[in-house]
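Peer 1: A structural model of the following input is requested.
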Amino acid sequence: MRYPDRALPERLAAMSGIEQEPSVRRTRRLVLSVAALGLALGASGCAYTNPVQTHEFYQSSDGTNANLEQSGSVTAGVRNAVVVVDADGAATFSGSVANYTAEEITVELEGLVEGAVVFSTQVAVPAGDVVELGSGPDQQAVSIGELDVAPGELMDLAVSWDGESTEITMPVTDNTLGYFEQGAAEE
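Peer 2: Numbers count the residues shown, from 1 in each chain. Next up is the predicted model:
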């Protein structure tokens with residue numbers, strides 16, 4: 001179809017459908033705007049409905065965590081609690097104790113196997129600080145000695161401070177993985 005009365009650019013625009021009535025352009029803009037808004041909400045919706053993970057305590061490694069609370073807030077905690085057994089059968093407790101209060105505290109730890117105490121220690125933690133436990137440098141040693149629990153099994157850990165206590169289950173592992181080598185008892 002020829003349009004002799006129109007210039008070439010106008011004819012091309014008419015053929016391609018670019019030239020539209022204002023109501024069609026408004027409708028198209030509205031649809032595209034709604035789609036863009038829906039895409040933006042959909043892409044950011046995960047952060048809206050899910051809690052920020054850095055605000056939550058979670059098991060970030062092989063060990064387990066315990067919290068002691070007073071008046072609804074966490075005052076002390078054990079992080080990444082695990083027992084590491086070396087090739088000779090000697091065992092060491094590895095983990096850390098955190099203090100979330102403004103004063104020094106002493107947290108008591110007891111390792112339990114079928115209700116029997118296999119190790120017991122007290123950890124003094126300065127205000128707002130963390131004490132690392134294990135056999136590595138700058139760690140407080142918690143030696144267990146011979147343990148009648150095989151790697152791959154579980155044992156209990158009782159954690160207490162200032163009348164509050166909790167009990168968790170923690171794994172017993174061997175030191176075949178490189179990062180557990182320093183956690184096993186050294187002779």
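Peer 1: domain parsing for the chain?
Peer 2: 8-49, 54-183 (automatic domain parsing).
Peer 1: Of all the helix elements in this protein, which one is longest?
Peer 2: Taking DSSP state H as the assignment, the helix of the chain that covers the most residues is helix 22-49.
Peer 1: Would you list the strands that the helix or strand following that one pairs with, along with their directions?
Peer 2: For helix 22-49, the succeeding helix or strand toward the C-terminus, using DSSP states H and E, is strand 64-70. The pairing partners recorded for strand 64-70 under DSSP bridges are strand 73-85 (antiparallel).
Peer 1: distance between the partner strand and the chain's centre?
Peer 2: 13 Å (CA atoms, centre = their mean, to the nearest Å).
Peer 1: In it, which residues are buried?
Peer 2: 75-85 (16 or more other CB atoms under 10 Å). (Each C-beta comes from the backbone N, C-alpha and C, glycine too.)
Peer 1: Kindly state the pLDDT recorded for Val130?
Peer 2: pLDDT for Val130: 95.
Peer 1: Could you report the neighbour count for it?
Peer 2: 13 (other CB atoms under 10 Å).
Peer 1: could you list every residue that touches it?
Peer 2: 79, 96-99 (CB atoms under 8 Å, 6 or more residues apart in numbering).
Peer 1: Can you tell me which of those is closest to Gln70?
Peer 2: Asn99 (12.5 Å; CB to CB).
Peer 1: Is Thr173 within a helix or a strand, and which one?
Peer 2: strand 164-174.
Peer 1: I'd like the mean pLDDT over that strand, please.
Peer 2: Strand 164-174 comes out at a mean pLDDT of 91.
Peer 1: Tabulate the buried residues of strand 73-85 (TSV), appending pLDDT and distance to Asp156.
Peer 2: Below are the buried residues of strand 73-85 laid out as TSV (pLDDT from 0 to 100; distance: CB to CB, whole Å):
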residue	pLDDT	distance to Asp156
Thr75	91	21
Ala76	94	18
Gly77	93	17
Val78	94	12
Arg79	92	17
Asn80	90	16
Ala81	93	10
Val82	92	13
Val83	91	11
Val84	87	17
Val85	85	16
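Peer 1: right, and Gly95 touches Val78 too?
Peer 2: Yes - at 5.8 Å, Gly95 and Val78 qualify as touching, with contact defined as CB atoms under 8 Å.
Peer 1: which residues does Ser165 form a beta bridge with?
Peer 2: Residues in beta-bridge contact with Ser165 (DSSP bridges): Ser160.
Peer 1: residues touching it, list them.
Peer 2: Ser165 makes contact with 68, 158-159, according to CB under 8 Å, 6+ apart.
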